[in-house]
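Peer 1: sequence-free structure coming up:
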């Protein structure tokens, strides 16, 4: 039956020859792909032909647009504005939900598993997924935890389920961690929308449709509607390997609440012409409503040059006034659900073929249609309020996205490495700097020593490696619990305890404190001096987790305090 249905689908497209025999597996795939794409494969090919024609003729959807800096807030850590918006956000955070876009494997990084199971840092080994869930639990209410939905792919779905089940959902009920599997779309061989048979499998070659599918999945699964019905007010969309994101969520919520934003792009400060998309408000000459969206850097500068004759130039701060997109979004759920009902969550698509000839009739390799989640504002009407919250980079963004070879090349080109080693180093630097700025009498040494190179990547090591439990690190007030500390730049401090307060600590070496969430720990007065931990170059037979960093942690000497009983515990030595 599937063979007959599939043959009918392909025949209507003029591609009946692709199913010459009774290949039931291929037939079932064709029927499945037809059912999952809105309007079926006929609509997919129609959209492909239209977009490929626009690509061939060089149509520019931004041509003639007038750019403006959108509504938003640019925040500096520790400022009065930061404190104001953080407090506003803390009043909203328990009404929020989070969506994690996690369709990628770690193969491109040199890791054979999924990226979510990579450790944020080596001192605790806490994975990205565990860290994200711990952060949500720290921000939420134990009786009503902040829900998390994860968009997986065919490559990552089973492994994500296995990671969650192996760790008992990291202490959560499975009902609060929902998975949505994204399907793929057929590859396209030419401008006629011809499909491709994979010579190895005998099936249609397929590719990812892009992270814009997350909106359609939240609609089709009913998850967004369920959250709205339950009275949830906000939904965050975050990426799989940027642990810094939870240091910004409260402030972003505060900005959205005060400015009444339907869509808020969480951004970072951006240099003029930097290779990162900028958030801009664009107005067309044809009278269509303005739209505030991410414009890729190679498009933003020409638009601005046409408009002001100068292009993307610095303002009085020395930075571009158009903040940098990091694909972290915050929406109002009631309005979001209304748009999903109207649009079914379908994002505008685009195609990006690589041509092999000047006539643009031959592709170097098959392409496909794609969509991006940050294009959501294109679905909104003129009344929708869309804006941004921009943060300093050290506070908000240090992703793990490049393997050591690519990262080393980027460094040589003057770009951020985006490696496992720099993501870990930036994570530690953030904590050390916030502690030094907390005003609690802390003396956190940040020396002037040069970065140390591992696998061709310079890694800053001139500050202590401080790892705190998420419950002690997510707000400025959390840092007030750690006072009167003197920590040398070569030290390692691991506080793996949800409820801990430090009133006096002198550390030159390595200290690890572990305690259950039922224990309240106060370090009243403690001095630790030992040989500590150090980074050493990873050997050829090192694990993948260490190879993608270029180093291992050599634990020379450690003072470890392990508390197993609930109740109050005072450490006074």
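Peer 2: Sure thing, it's come through. Quantities reported herein were computed from a predicted structural model and do not represent experimental measurements.
Peer 1: run through this structure and note the low-pLDDT ranges.
Peer 2: Along the chain, segments meeting pLDDT under 70 span 1.
Peer 1: what about residue 414, how many residues nearby?
Peer 2: When neighbours are defined as other C-beta atoms under 10 Å, residue 414 has 6 of them. Yep, even glycine has a C-beta here, placed from its N, CA and C like the rest.
Peer 1: actually residue 542, not the one I typed
Peer 2: Residue 542 has 15 nearby residues by other C-beta under 10 Å.
Peer 1: now residue 518
Peer 2: With other C-beta under 10 Å as criterion, residue 518 counts 11.
Peer 1: same question, the one 4 residues further on
Peer 2: Under the neighbour criterion other C-beta under 10 Å, residue 522 is assigned a count of 15.
Peer 1: so what touches the helix or strand hosting it?
Peer 2: Assigned by DSSP states H and E, residue 522 falls within strand 519-529. Applying C-beta atoms under 8 Å, 6 or more residues apart in numbering, the set of residues contacting strand 519-529 from outside is 497, 499-511, 513, 515, 559, 563, 565-573.
Peer 1: now with 7 Å, please.
Peer 2: If you take C-beta atoms under 7 Å, 6 or more residues apart in numbering as the criterion, strand 519-529 is touched by 497, 499-509, 511, 513, 515, 559, 563, 565-573.
Peer 1: quick one: strands adjacent to that strand?
Peer 2: Strand pairing for strand 519-529, determined by DSSP bridges: strand 500-502 (parallel), strand 505-508 (parallel), strand 567-572 (parallel).
Peer 1: turn the ones you listed into a markdown table, including distance to residue 221 and mean neighbour count.
Peer 2: Below are those laid out as a markdown table (distance: least, C-beta to C-beta, whole Å; neighbours: other C-beta atoms under 10 Å):
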| stretch | distance to residue 221 | mean neighbour count |
| --- | --- | --- |
| strand 500-502 | 39 | 21 |
| strand 505-508 | 48 | 20 |
| strand 567-572 | 43 | 13 |
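Peer 1: same list (those strands) but as CSV, adding distance to residue 337.
Peer 2: Shown next, in CSV, are the strands paired with strand 519-529 (distance: least, C-beta to C-beta, whole Å):
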stretch, distance to residue 337
strand 500-502, 40
strand 505-508, 48
strand 567-572, 45
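Peer 1: got the contact list for residue 186?
Peer 2: Counting by C-beta under 7 Å, 6+ apart, residue 186 makes contact with 33, 44, 195, 204, 206, 368.
Peer 1: can you pull out the strands in the stretch 201-350 of the chain?
Peer 2: For the stretch 201-350 of the chain, the strands defined by DSSP state E, counting those that start in this stretch cover 206-208, 234-239, 263-268, 278-283, 291-295, 324-332, 349-351.
Peer 1: for residue 165, find the nearest of those.
Peer 2: Nearest to residue 165 among those is strand 234-239 (22.2 Å), distances taken as C-beta to C-beta.
Peer 1: neighbours of residue 26, how many?
Peer 2: Residues near residue 26, counting by other C-beta under 10 Å: 23.
Peer 1: got the contact list for it?
Peer 2: Here residue 26 is in contact with 19, 202-203 (C-beta under 7 Å, 6+ apart).
Peer 1: give me the number of residues near residue 170?
Peer 2: Around residue 170 there are 18 other residues, counting by other C-beta under 10 Å.
Peer 1: one more: residue 529?
Peer 2: For residue 529, the count of nearby residues is 14 (other C-beta under 10 Å).
Peer 1: and for residue 65?
Peer 2: So residue 65, with other C-beta under 10 Å, has 22 neighbours.
Peer 1: surely it touches residue 303?
Peer 2: Yes - under the criterion of C-beta atoms under 7 Å, residue 65 makes contact with residue 303 at 5.9 Å.
Peer 1: please enumerate the strands of the stretch 451-573 of the chain.
Peer 2: Using DSSP E, counting those that start in this stretch, the strands of the stretch 451-573 of the chain run over residues 452-454, 457-459, 465-468, 485-487, 492-496, 500-502, 505-508, 510-514, 519-529, 533-537, 551-555, 559-562, 567-572.
Peer 1: winner for burial among those strands?
Peer 2: For those, the largest average neighbour count (mean count of other C-beta atoms under 10 Å) is found in strand 465-468, namely a mean of 24.
Peer 1: elements contacting it?
Peer 2: Secondary-structure packing of strand 465-468 (3 or more C-beta pairs under 7 Å, 6 or more residues apart in numbering; DSSP states H and E): helix 420-436, strand 492-496.
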